[in-house]
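Engineer: Got a sequence here, can you model it:
(one chain, ligands or ions: 1)
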Amino acid sequence: MKSLKHLFDENRGWAAKIEEEQPGFFETLSKAQAPEILWIGCADSRVPANEIINLPPGEVFVHRNIANVVVHTDLNCLSVIQYAVEVLKVKHIIVCGHYGCGGVAASMGDESFGLIDNWLRHIKDVYRFHAAELDGIEDQIARRDRLCELNVIEQVGNVCNTSIVQGAWKGGQSLHVHGWIYRLEDGLIRDMDVTTLGPDE
Ligand code: CO
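Structural biologist: A predicted model of the protein is given here:
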């Protein structure tokens, strides 16, 4: 007996509905993908990339990890960026964080969570860079959410500084890097206004 049977039922219903609305959708999409967007977001179950921006399969190349961190030694993330930029030639990279991020919150405390502590170090670094501002915010929730914003800005910088993105810009490729933040409470995205179009910015 198949476990999670209801998910297979859901899947069949989903595929049938799309095929009914757009006959040949999957057949066509199976031949090639040409997404214009690379989404780098948090692994949080409440922040699903395609659903939030209401785009169907084929439109968004996605990388998600805890607290949407871009680390220069993370071969997984770098491989995704390289493939998206050099092969798929995406036009936009969106780093989308979210308020109320558990990873960001965990990085602010002294509690140990095991292996993930090493990952959260990267966010502790972001805190350290902005300690003067963050320490001045009395309210704990407000301080956490400001760190969520600063983390997005920091990761946008990390994306821009990768040799992959630098190389694309040098080669004249049109590539915009955006920093967005999503609010769990209302389902809305806010642009952090740090969109970067080239090395001069
Ligand atoms: Co999160």
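Engineer: helix, strand or coil for Ile123?
Structural biologist: helix (DSSP: H, G, I helix; E, B strand; the rest coil).
Engineer: Which residues are in contact with it?
Structural biologist: Going by Cβ atoms under 8 Å, 6 or more residues apart in numbering, Ile123 touches 67, 69, 103-104, 107, 147, 151. Heads up, the C-betas are built off the backbone N, CA and C, glycines and all.
Engineer: how much space is there between it and the ion?
Structural biologist: Separation of Ile123 from the ion (Cβ to the ion, to the nearest Å) stands at 10 Å.
Engineer: how about the nearest residue to that residue, chain neighbours excluded?
Structural biologist: Closest residue in space to Ile123, ignoring its immediate chain neighbours: Ser107 at 3.8 Å, by Cβ to Cβ, 6 or more residues apart in numbering.
Engineer: Same question for Trp119.
Structural biologist: Nearest one to Trp119, counting by Cβ to Cβ, 6+ apart, is Ile66 at 5.9 Å.
Engineer: From the ion, how far off is the one you found?
Structural biologist: 7 Å.
Engineer: Over to Leu184?
Structural biologist: Counting by Cβ to the ion, the separation of Leu184 from the ion is 9 Å.
Engineer: Low-confidence ranges, the protein, go.
Structural biologist: Counting by pLDDT under 70, the chain shows low-confidence ranges at 1-2.
Engineer: That one: strands as residue ranges?
Structural biologist: With DSSP state E, the ranges of strands along the chain come out as 37-42, 60-65, 92-98, 176-183, 188-191.
Engineer: Alpha carbons only: can I get stretch 140-148 in CSV?
Structural biologist: C-alpha atoms of stretch 140-148 as CSV (Å, rounded to 0.1, in the frame of the first residue of the first chain):
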residue,chain,number,x,y,z
GLN,A,140,12.6,41.9,20.1
ILE,A,141,10.2,41.2,17.2
ALA,A,142,11.2,44.5,15.5
ARG,A,143,14.9,43.7,15.9
ARG,A,144,14.4,40.2,14.4
ASP,A,145,12.5,41.6,11.5
ARG,A,146,15.1,44.2,10.8
LEU,A,147,17.7,41.4,10.8
CYS,A,148,15.5,39.6,8.3
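Engineer: interface residues of this protein facing the ion?
Structural biologist: Within the chain, the positions near the ion by Cβ under 5 Å from the ion are 42, 44, 101, 103.
Engineer: Number of residues surrounding the residue nearest to Trp119?
Structural biologist: 19 (other Cβ atoms under 10 Å).
Engineer: Where do the helices of this structure begin and end?
Structural biologist: 5-21, 25-31, 49-52, 75-82, 102-107, 116-129, 131-135, 140-161, 163-170 (DSSP state H).
Engineer: thinking again about what came up before, am I right that the residue nearest to Trp119 is in contact with Gly103?
Structural biologist: Yes. Counting by Cβ atoms under 8 Å, Ile66 does reach Gly103; the two are 4.3 Å apart.
Engineer: Which neighbours do those two have in common?
Structural biologist: 42, 116, 119-120.
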